[in-house]
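In: How does the following fold in three dimensions:
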Amino acid sequence: MTAFGLFNYWAVIVLMMVGFYTLIARDNLVKKLIGLNIFQTAVIMMYVSFGRISGGTAPILFSHGDEGDHAAEGDHAADAADHAVEAVSAAGESLSSAGQAAYAATQEAVHAAGFEAYSNPVPHVLMLTAIVVGVATLALGLSLVIRINEAYGTIEEDEINRMDLES
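Out: The predicted structure is shown next:
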């Protein structure tokens, strides 16, 4: 794979570092919350990228007809799986070529058997929940910043610490 082929992972790394730096280096509480939100977005992007399969479809099953067709598909799938094992053992030059041969043979077996590759929906569902939790966390953080501003008259962390030490 080329470096450009891994663009989404590079974007995740850059966003994580920007969010983490903003969270640590800034004294303004609102900027800290923005950094936390950027970091959370990077984590969500990472999980969604992991859940994607090249050529995968949504996991929606349709009826294919009577049971006789399923038995024939099962026999054909077993033959295709045997072909995939033979292709992997034949490609013994290196791990990367064996992996590529296994991937190609598996894709061939899947298409020959009439089955499709499905993307895993669980990471996407979990990230939907993470988005909701992130919005709630941001709302709570902003409401706390408002209360801190009313109590101290500032939202700068170093000034708040200085005021606490003086009193």
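
In: Can you tell me, leaving aside adjacent residues, what's nearest to Asn120?
Out: Nearest non-adjacent residue to Asn120, counting by CB to CB, 6 or more residues apart in numbering: Gly51, 5.1 Å away. From N, CA and C alone the C-beta is placed, and that goes for glycine too.

In: roughly how far apart are the one you found and Leu128?
Out: Using CB to CB, to the nearest Å, we find Gly51 at a distance of 11 Å from Leu128.

In: With neighbour numbers in mind, choose between these two.
Out: Gly51 (17 against 12; other CB atoms under 10 Å).

In: For the more buried one, grab phi and psi.
Out: Dihedral pair for Gly51: phi -80, psi -10, per degrees, to the nearest 10.

In: ok, now which ones touch it?
Out: Contacts of Gly51 were listed using CB atoms under 8 Å, 6 or more residues apart in numbering, and they are 119-124.

In: Give me the contact list for stretch 33-42.
Out: So stretch 33-42 is in contact with 11-13, 15-16, 18-24, 26, 130, 134, 137-138, 141-142, 145, going by CB under 8 Å, 6+ apart.

In: Then stretch 131-141?
Out: With contact meaning CB under 8 Å, 6+ apart, stretch 131-141 is reached by 29, 33, 36-37, 40, 44.

In: how about 6 Å then?
Out: Contacts to stretch 131-141, defined as CB atoms under 6 Å, 6 or more residues apart in numbering, come from residues 33, 37, 40.

In: sec struct for the last one, please.
Out: In three-state terms, and counting by DSSP: H, G, I helix; E, B strand; the rest coil, Gln40 is helix.

In: What of the first one?
Out: The three-state assignment at Leu33 reads helix, by three-state DSSP.

In: could you measure it against Asp158, distance?
Out: Distance of Leu33 to Asp158, computed by CB to CB: 17 Å.

In: The two: who's more crowded?
Out: Leu33 (20 against 10).

In: okay, Val110: pLDDT?
Out: For Val110, the pLDDT comes out at 60.

In: since we're on Gly56, how many residues are nearby?
Out: 13.

In: now Val30: how far from Thr137?
Out: According to CB to CB, Val30 stands 14 Å off from Thr137.

In: How about Ile60?
Out: For Ile60, the distance to Thr137 (CB to CB) stands at 33 Å.

In: okay, the two: which has more neighbours?
Out: Per other CB under 10 Å, whichever of Ile60 and Thr137 has more neighbours is Thr137, with 14 against 7.
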